[in-house]
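In: Structure for this input, please:
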Amino acid sequence: MRSLNFFVAATCVAFGFATAARAEFDDDQRFCAEDESQGYQAQIDACTRLINSGRIYGSELALPYANRGFDHLKQGDIDLAIADFTEAIRREPKVFATYVGRGMAYSDKGDYDHAIADFTQSIRLNPKYAPAYAKRGEAYRNQGDYERAIADFDQAILLNPKEAVVHANRGSAYASKGDYDRAIADFTEAIRLGLKHPDVYYNRGENYAAEEDYDHAIADYTQAIQLDDTVADYYLERGRVYALRRNPLDHDIRDAIADFDQAIRLDPKLAEAFYLRGFSKNMISPGNDGGEADIARACELDPQVRDRCSERKAD
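Out: Numbering: from 1, shown residues only. Here you go, the predicted model:
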């Protein structure tokens, strides 16, 4: 299952801060607060000038610190983002948006305990803010706590039923629990709401494959490939399903081999593709030298596959 971690609605939450009324807003205030036309670095520079200007004080500084934190987060500068959000919280601890931002940064670091604590504090301050539940649900899912993840996704969807990414993430949580029907329903709803991301089709295909609905699985993997033909896993899994379907035998197995060929072109160290291609070749022609060579190559590339090779030799 491929994770969908999009920078959703929380990207703009910092703009909800109140600032002191002023007769005029200069360029730095405009760039720091809302103008993305010059790029994130220009916003960071504008926020830094405001912080250092001596024109704003105390809790008013929470706004430029928080906005600079969001810009650092968008650029992937996670530690800088956390530092800015922390300073914004120190200066004004009652703004729910800042906790969401810092929680997102902690999540990006894999520090899910701190992320969950921040999302929870955001929810205490604003229980009707759907992205806080959605992001906490992602953190719970990444910890393997699927029940809590689903409960948070449920609440996020109750507050905002049209957020496609949340449906997709709840689908991933259901899939991890083995609830394939609910997972398929959520991925389908995400697609209906306009999320045409290849991983959504891929993930739905995985669940169809788990239910042995191979025709629908192949259709979804094919759609994922049409949207992005550079991902080896898409070809690997479609090939696996072709090999499982085998109807008619030669046609599907040859299609499987073609998909494994392409997966290997995209990722020459993808052991599973070599292993499955080897078995597929042997299904067409038992003892095929090319098949045995592929299986041997897979065993060289991946210790987990090597265990399967040892079991095969023992048999």
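
In: contacts, neighbours, all on C-alpha from now
Out: OK.

In: residues of the longest helix seen in the chain that come out buried?
Out: Assignment by DSSP state H gives helix 249-266 as the longest helix of the chain. Residues of helix 249-266 classed as buried by neighbour count (16 or more other C-alpha atoms under 10 Å): 252-264, 266.

In: Now tabulate the residues you listed in TSV and tack on pLDDT and distance to F153.
Out: TSV is the format used below for the buried residues of helix 249-266 (pLDDT from 0 to 100; distance: C-alpha to C-alpha, whole Å):
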residue	pLDDT	distance to F153
D252	91	39
I253	92	40
R254	92	41
D255	94	38
A256	95	36
I257	95	39
A258	97	39
D259	98	35
F260	98	36
D261	98	39
Q262	98	36
A263	98	34
I264	98	37
L266	98	35
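
In: picking up where we left off before, immediately after the longest helix of the chain, which helix or strand?
Out: Using DSSP states H and E, the helix or strand that directly follows helix 249-266 along the chain is helix 271-284.

In: Tabulate the CA atom coordinates of that following helix in CSV.
Out: The C-alpha coordinates for helix 271-284 follow below in CSV (Å, rounded to 0.1, in the frame of the first residue of the first chain):
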residue,chain,number,x,y,z
ALA,A,271,14.4,-8.6,-6.7
GLU,A,272,10.7,-9.5,-6.7
ALA,A,273,10.4,-8.7,-10.4
PHE,A,274,13.3,-11.1,-11.2
TYR,A,275,11.8,-13.8,-9.0
LEU,A,276,8.3,-13.6,-10.5
ARG,A,277,9.6,-13.3,-14.1
GLY,A,278,11.7,-16.5,-13.5
PHE,A,279,8.7,-18.4,-12.2
SER,A,280,6.6,-17.1,-15.1
LYS,A,281,9.1,-18.2,-17.6
ASN,A,282,9.2,-21.7,-16.0
MET,A,283,5.4,-21.9,-16.2
ILE,A,284,5.6,-21.5,-20.0
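
In: for that helix, the distance to its chain's centre please.
Out: 30 Å (C-alpha atoms, centre = their mean, to the nearest Å).

In: What of stretch 180-190?
Out: That offset, for stretch 180-190, works out to 16 Å (C-alpha atoms, centre = their mean).

In: hmm, back to that, in terms of distance to A81, which of the buried residues of helix 249-266 ranks first?
Out: L266 (34.7 Å; C-alpha to C-alpha).

In: who's in contact with A88?
Out: 61-63, 65-66, 98 (C-alpha atoms under 8 Å, 6 or more residues apart in numbering).

In: So, low pLDDT: which residues of the chain?
Out: Residues of the chain meeting the criterion pLDDT under 70: 2-27, 34-37, 247-249, 306, 310-315.

In: if we go to 90?
Out: Low-confidence segments of the chain (pLDDT under 90): 1-46, 49-50, 53-57, 60, 245-251, 282-290, 292, 302-315.

In: before we move on, the earlier item: mind putting the buried residues of helix 249-266 into TSV with distance to F279?
Out: What follows is the buried residues of helix 249-266, written out as TSV (distance: C-alpha to C-alpha, whole Å):
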residue	distance to F279
D252	13
I253	10
R254	12
D255	14
A256	11
I257	10
A258	13
D259	14
F260	11
D261	13
Q262	16
A263	15
I264	15
L266	20
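
In: re earlier: using CSV, write out every CA atom in the longest helix of the chain.
Out: Extracted C-alpha coordinates of helix 249-266, given in CSV (Å, rounded to 0.1, in the frame of the first residue of the first chain):
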residue,chain,number,x,y,z
LEU,A,249,-2.6,-19.3,-19.6
ASP,A,250,-0.1,-18.3,-22.3
HIS,A,251,-1.6,-14.9,-23.0
ASP,A,252,-1.7,-13.8,-19.4
ILE,A,253,1.7,-15.2,-18.5
ARG,A,254,3.3,-13.5,-21.5
ASP,A,255,1.7,-10.2,-20.4
ALA,A,256,3.0,-10.8,-16.9
ILE,A,257,6.6,-11.3,-18.3
ALA,A,258,6.3,-8.1,-20.3
ASP,A,259,5.3,-6.2,-17.1
PHE,A,260,8.2,-7.8,-15.1
ASP,A,261,10.5,-6.8,-18.0
GLN,A,262,9.4,-3.2,-17.7
ALA,A,263,9.6,-3.2,-13.9
ILE,A,264,13.2,-4.4,-14.1
ARG,A,265,14.0,-1.7,-16.7
LEU,A,266,12.7,0.9,-14.3
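
In: Thought A209 was touching I184, still the case?
Out: No - applying C-alpha atoms under 8 Å, one finds I184 not in contact with A209, separated by 10.9 Å.

In: quick revisit: now, the contacts of A88 that are in helices?
Out: 62-63, 65-66, 98.

In: Mind putting the contacts of A88 into a markdown table with neighbour count and distance to A296?
Out: Below are these laid out as a markdown table (neighbours: other C-alpha atoms under 10 Å; distance: C-alpha to C-alpha, whole Å):
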| residue | neighbour count | distance to A296 |
| --- | --- | --- |
| L61 | 21 | 62 |
| A62 | 29 | 60 |
| L63 | 28 | 59 |
| Y65 | 28 | 56 |
| A66 | 33 | 54 |
| T98 | 33 | 53 |
